[in-house]
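Trainee: Any chance you could fold what I've pasted below:
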Amino acid sequence: MSIPSKYKEVKRTVIAALRSGQFQHEARSGINVKNLLATGRVTAEFVEVLVARSNGTQYSSSPHHSVASIDVHVIESGGWYVKFYFVSDPDTVFISVHQ
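Mentor: Next up, the predicted model:
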């Protein structure tokens, strides 16, 4: 099975954002358990490794709940759940990073 080209581009872009520090976090309830990157319990480097180890079968996307033109990306890797979207290249907004 081949890896979807959309996934390859998403993976490249989110890794670039993590490496450059050009990311932010969506405000939400439950942030202490739902976004461990935002709380500092995991590092950008840790999330980069999770994403790098993932493959196309661990990826999905769907429209954002309030802005349908924005794709929300989900990568599940090593028992972790990483949910994010792009506001520009490479600015990324993380919604969730948790087990």
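Trainee: Residue 74 contacts residue 82, doesn't it?
Mentor: Yes - shown here, residue 74 and residue 82 form a contact pair, counting by CB atoms under 8 Å, at 7.1 Å. (C-beta placed from N, C-alpha, C; glycine too.)
Trainee: So these two - more neighbours on which side?
Mentor: Neighbour count, other CB atoms under 10 Å: between residue 74 and residue 82, residue 82 has more, with 23 against 15.
Trainee: Could you pull up the contacting residues of the more buried one?
Mentor: Taking CB atoms under 8 Å, 6 or more residues apart in numbering, we find residue 82 in contact with 47, 50-51, 74-76, 94, 96-97.
Trainee: Could you export the lengthiest helix in the chain as CSV, CA atoms only?
Mentor: Longest helix of the chain, by residue count under DSSP state H: helix 5-20. Extracted in CSV, the C-alpha atoms of helix 5-20 (Å, rounded to 0.1, in the frame of the first residue of the first chain):
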residue,chain,number,x,y,z
SER,A,5,0.7,12.2,-1.0
LYS,A,6,-1.5,14.5,1.2
TYR,A,7,-0.1,12.7,4.3
LYS,A,8,3.5,13.1,3.1
GLU,A,9,3.0,16.9,2.7
VAL,A,10,1.2,17.2,6.1
LYS,A,11,4.0,15.3,7.8
ARG,A,12,6.7,17.4,6.2
THR,A,13,4.9,20.6,7.1
VAL,A,14,4.1,19.8,10.7
ILE,A,15,7.7,18.6,11.3
ALA,A,16,9.0,21.9,9.9
ALA,A,17,6.7,23.8,12.2
LEU,A,18,7.9,21.8,15.2
ARG,A,19,11.6,22.3,14.3
SER,A,20,11.2,26.0,13.7
